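*Asks:* what's the 3D shape of this:
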Amino acid sequence: MDTLSQWFGNCQQWLFETLVQPALFHLGLSNFIEDGYDATMWLLVGLLQVAVLLLVFGPLQRLRPVEPVTDRRQIGIDVLYTLIHRLGVFRLALFFTIDPFWDSIFGQLHIWGFAPFQLDQYWPGVTDQAWVSLIIYLLLFDLVDYLYHRAQHRFAWLWALHAVHHSQRQMTMWSDDRNHLLDDMLRDVVVVFVSQLVGVPPAQFVAIVAITQLAQSFSHANLRMHFGAIGERLLVSPRFHRHHHSIAYDASTPGPAGGYNFAALFPIWDVLFRSARFGVGYGPTGIHDQQPELGGRDYGRGFWSQQWLGLKRMVGRDREPPVAAPPSRPPGAAEGA
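*Replies:* Next up is the predicted model:
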C-alpha cells in the first residue's frame, strides 16, 4: 500500500506541475493552487480508470459481447457522461457546492466536541493493516449504495431521475455514469455525510471511489461473463447486474420500478435483503415502456434532453403513456441466454 501511495503521489505531483499549475496561473486562478492540487488527484484517478476501460474492459467486450453494437450514438453519449464524471468536471462542481456545505457542518460539530468514531479501529489490529481497513470501508459504502439504490427504485421522484440510467438499451462499460446530474449530487450528499461520520482517511476515500467506479464499469460491460455459483455470490458480475437492467423486470415489486440485484460490489446485500436473482441469463436491457407496443416513452436521445426530461418526470410534467403493465414471466422462468 505504501509503495502504491508513493507512486501515485509522484504521478500527481508531476501532473500538477506540468499541466494543472501552469493552467491555473494562465487563467488568473493562482488563489486556487492548493485546491488545484487536490483536483489533480481526482484527474489522475480518472485518467487511470479510462485507461483500464480502454485497455482491459474494451478488448473483453469485443471478445465476448452479449449483443452486437447497433446504437453507437447512445454509447457516445455514455462516453460523455463518463468523461464528465471521471475527469473531474463533476467533482469540481461538487467542490463548489456539496463539499463546502458538509465541511461547514462538521467543522461546527468539531468545535462542539464531536469526533468521527473511526470505524476501522473497531476491528482488532486493523490500524496496522491498510488492506483490511479498505475492505471494511468498501463493505460499508457498498451497503450505503445498496440502500440508496433501493430508494431510487422505491420512490417515484427518485426513480424519475434514476430512469436516465436505466433507459440505455445498448449497455456497455461506459454506461455506469449515465445518470441524472441531480441524482448524482443527491447520492454524493449521502456518501460524503457517511465518510465524514465514520472518519474515512482521504487516501482511503479516493481508493474506495476508484475501486467502486471501476467495478461498476465492469458490471455494466457488454460482456458475456459470470463468476460461477460461488463467485457470483461474492462479487457482482456483468451477468448478475445485467438482470438489474432487464427490460422485463417484475412489475409487482413495490414502488414505481421493480427489480433485483441492486448491489454495486458485493451481492451479499441482495442476499440478505432477498433481492438477489442468480443465473438469469443475458436478456435485453431498458425500461418496459420504451417498447413501441407499450407506449414508446421518450427518455431523451441526447445529454441535455435526458437531463431535462428527468426533471420533468420528477415534477410530474412528463406523463407516462397510458399502457398496461408488462406481462409477467412464469415463476422461475429465466431470461434468454
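
*Asks:* Show me how far stretch 9-18 is from its chain's centre.
*Replies:* 27 Å (CA atoms, centre = their mean, to the nearest Å).

*Asks:* And stretch 141-151, by the same measure?
*Replies:* Centre-to-centre, stretch 141-151 and its host chain are 11 Å apart (CA atoms, centre = their mean).

*Asks:* can you pull the buried residues of it?
*Replies:* 141, 142, 143, 144, 145, 146, 148, 149, 150, 151 (16 or more other CB atoms under 10 Å). No exception for glycine: its C-beta is placed from N, CA and C like everyone else's.

*Asks:* Stretch 196-212 now?
*Replies:* Result for stretch 196-212 [16+ other CB under 10 Å]: buried residues 196, 198, 200, 203-212.

*Asks:* coming back round to it: just the closest of the buried residues of stretch 141-151 to residue 75, please.
*Replies:* residue 149 (23.1 Å; CB to CB).

*Asks:* counting residues per helix, which one in this protein is longest?
*Replies:* Determined from DSSP state H, the single longest helix within the chain is helix 130-154.

*Asks:* helices or strands up against that helix?
*Replies:* helix 156-166, helix 181-198, helix 202-219, helix 268-272 (3 or more CB pairs under 8 Å, 6 or more residues apart in numbering; DSSP states H and E).

*Asks:* Put together JSON lines for those helices, with distance to residue 241 and mean pLDDT on each row.
*Replies:* Shown next, in JSON lines, are the helices and strands packed on helix 130-154 (distance: least, CB to CB, whole Å; pLDDT from 0 to 100):
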{"stretch": "helix 156-166", "distance to residue 241": "12", "mean pLDDT": "93"}
{"stretch": "helix 181-198", "distance to residue 241": "17", "mean pLDDT": "87"}
{"stretch": "helix 202-219", "distance to residue 241": "4", "mean pLDDT": "89"}
{"stretch": "helix 268-272", "distance to residue 241": "10", "mean pLDDT": "95"}
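
*Asks:* Of all these, which one is nearest residue 40?
*Replies:* helix 202-219 (11.8 Å).

*Asks:* sorry, back to before: which one, of the helices and strands packed on helix 130-154, ends up nearest to residue 47?
*Replies:* So among these, helix 202-219 is nearest, using CB to CB, at 11.2 Å.

*Asks:* quick check: angle from that closest one to helix 130-154?
*Replies:* 50 degrees (axes from the mean of the first three to the mean of the last three CA atoms, to 10 degrees).

*Asks:* Show me what helix 202-219 is packed up against.
*Replies:* The elements that helix 202-219 packs onto, with contact taken as 3+ CB pairs under 8 Å, 6+ apart, are helix 33-52, helix 72-86, helix 130-154, helix 238-244.

*Asks:* Rebuild the helices and strands packed on helix 130-154 as TSV, extending it with distance to residue 309.
*Replies:* TSV is the format used below for these (distance: least, CB to CB, whole Å):
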stretch	distance to residue 309
helix 156-166	8
helix 181-198	12
helix 202-219	23
helix 268-272	29
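
*Asks:* closest to residue 248 out of those helices?
*Replies:* helix 156-166 (12.6 Å).

*Asks:* what bits of the protein have low per-residue confidence?
*Replies:* Within the chain, the ranges that satisfy pLDDT under 70 run 1-2, 89-103, 106-128, 249-258, 319-337.

*Asks:* what's the most buried one of the helices and strands packed on helix 130-154?
*Replies:* Among the helices and strands packed on helix 130-154, helix 156-166 has the highest mean neighbour count (mean count of other CB atoms under 10 Å), at a mean of 21.

*Asks:* hmm, who's touching it?
*Replies:* Residues from elsewhere that reach helix 156-166, judged by CB atoms under 8 Å, 6 or more residues apart in numbering: 151-153, 175, 178-180, 182-183, 186, 245, 255-257, 285-287, 299-300, 306-307, 310, 313-314.
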